[in-house]
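*Asks:* Everything below, folded, please.
(2 chains)
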Amino acid sequence: MEPTGGALLSAVDLRKSFGPTQALDGAGMDLYAGEVVAVMGPSGSGKSTLLHCLAGIVQPDGGEVRYAGRVLSAMPDRERSALRRTDFGFVFQFGQLVPELTCLENVALPMRLDGVRRGPAEKLAREWLDRLEVGDTADKRPGEVSGGQGQRAAVARALVTEPRVVFADEPTGALDSLNGERVLRLLVAAAKESGAAVLLVTHEPRVAAYSDREIVVRDGKSRQVGFAAAEPARSPR
Amino acid sequence: MNGVYRPEVYTPCILLRMSIANTLLGLLESGPKYGYDLKRLYDESFRQDRPLHYGQVYSTLSRLLRNGLVEEKGIEPGDGPDRKRYAITDAGVTNVAEWLGTPENPSLYLQNTLYTKVVLALLSGRSATDVLDAQRAEHLRAMRRLTTRKTDGDLADQLICDHALFHLEADLRWLELTAARLDELAGQLKP
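*Replies:* Reported below is the predicted structural model:
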């Protein structure tokens, strides 16, 4: 049984090639407000390309990406960039924090880029660092904190603008089991609390187990499963 | 014999018996066969630790006959007892389809049954990918339940659930690896 109501973000028959390699070959999926969806599949199956297309980072060769009633894949680059700042948050496996800035400045960065003054931006950033249990890293640079702490600061930065969608590409891939779990638990709890949907790309079943349902990508084609098992928690926004 | 009928021993015995019956039924889908041929095909196709006993084959076939899942298709007289050929009935085909379409309860050491299902799906021209995907979904459902219990529970809950989660994850990795090797396996199973 598919959830009723319109999807917040959809991929329809997406095709994308990089040179002779076809990364996506008719992939499609829906993401509903407030749900956590895992995108699973072997290495090279096209799951990261699917995420990049859905986030408007990569333009598909064919098919459409629809977001909140608009065709995202048809928007000009500038509009997509603005949308990524205001509506989307990102957590990647490595290196997304700016090494020259402190953790606090990193978390405040998306708000600063959107024109928020330093005082209020850093106040909110500090609250988010506390919420992710890494308030003590505020004045440290990413190189001075542990991998797990840095990743929690990255989650704080992804959520600080209260995005409607969080894209997480192997967010725990560089962490040990315990730290990975802590990051994941905090990410999912914070996203659920703020009503954000999460698209979680992972090859690890234990990470996928934090999702409401999963999508399997193989050879650039996707398969949606799990609607019957888990009605996604949806909160109107 | 002491302890043989403990639930943890008895239940797998029943499950194994059901699995053998369904597998023999599945092997009959390609055409009627003698009990001897079924035993040989079973041993060759599924590489279980121990070969199937003749007694087990014939007792299973009698049960299937009684339940209307197979029928006798000719008798060949010989020096010893008459040889009977068995054919699968429509009800038998439905039984195999339902068995293949029903995911196993995620539990430890079920790889043998899963491997059998994958091979049988390939041999019978069904989608082995569907068998693997149904199982993956069932495993992830079990992992979600454990993850929820772990998130809401105390340290003991977390440790107990983690133990089960790691085992289920190992099964899932096997499912993924097998999915990637289906073409190769299908090629090896061709006569």
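
*Asks:* Just the closest residue of chain B to chain A, please.
*Replies:* Nearest residue of chain B to chain A: B:Met143, at 3.8 Å (C-beta to the nearest C-beta). In short, each C-beta sits where N, CA and C put it, glycine included.

*Asks:* how far is the biggest helix by length in chain A from where the chain is centred?
*Replies:* If you go by DSSP state H, chain A has its longest helix at helix A:177-194. The offset between the C-alpha centroid of helix A:177-194 and the centroid of the whole chain comes to 13 Å, using C-alpha atoms, centre = their mean, to the nearest Å.

*Asks:* wait, does that helix contact chain B?
*Replies:* Yes. If you take C-beta under 8 Å from any C-beta of the partner chain as the test, helix A:177-194 does meet chain B, through A:Arg185.

*Asks:* Sketch out the low-pLDDT regions of the chain for me.
*Replies:* I went with chain A, as the question did not name one. Along chain A, the parts satisfying pLDDT under 70 run over A:1-5, A:95, A:225-237.

*Asks:* meant chain B, my bad for not saying
*Replies:* B:1-17, B:47-49, B:77-82, B:107-111, B:191.

*Asks:* backbone phi and psi for the residue of it most remote from its centre, please?
*Replies:* Going by C-alpha atoms, centre = their mean, the residue of chain B most distant from its centre is B:Asp154, 36.9 Å out. Dihedral pair for B:Asp154: phi -90, psi -170, per degrees, to the nearest 10.

*Asks:* got it, and B:Lys73?
*Replies:* For B:Lys73, the backbone dihedrals (degrees, to the nearest 10) come out as phi -130, psi 70.

*Asks:* Around chain A, which positions in chain B sit nearby?
*Replies:* By C-beta under 8 Å from any C-beta, the residues of chain B that approach chain A are B:133, B:136-137, B:139-141, B:143-144, B:146-147, B:151, B:165-166, B:168-169, B:172-173, B:176, B:179-180.

*Asks:* and those residues, which are buried?
*Replies:* Among these, those classed as buried by neighbour count (16 or more other C-beta atoms under 10 Å in any protein chain shown) are B:133, B:136-137, B:139-141, B:143-144, B:146-147, B:165, B:168-169, B:172, B:176, B:179.

*Asks:* So which of those residues sit within strands?
*Replies:* The strands, defined by DSSP state E, take in nothing from those.

*Asks:* Can you list which of those residues are found in helices?
*Replies:* Secondary structure from DSSP H places B:133, B:136-137, B:139-141, B:143-144, B:146-147, B:165, B:168-169, B:172, B:176, B:179 of these in helices.

*Asks:* Check the secondary structure at A:Pro42 for me.
*Replies:* The three-state label given to A:Pro42 by DSSP: H, G, I helix; E, B strand; the rest coil is coil.
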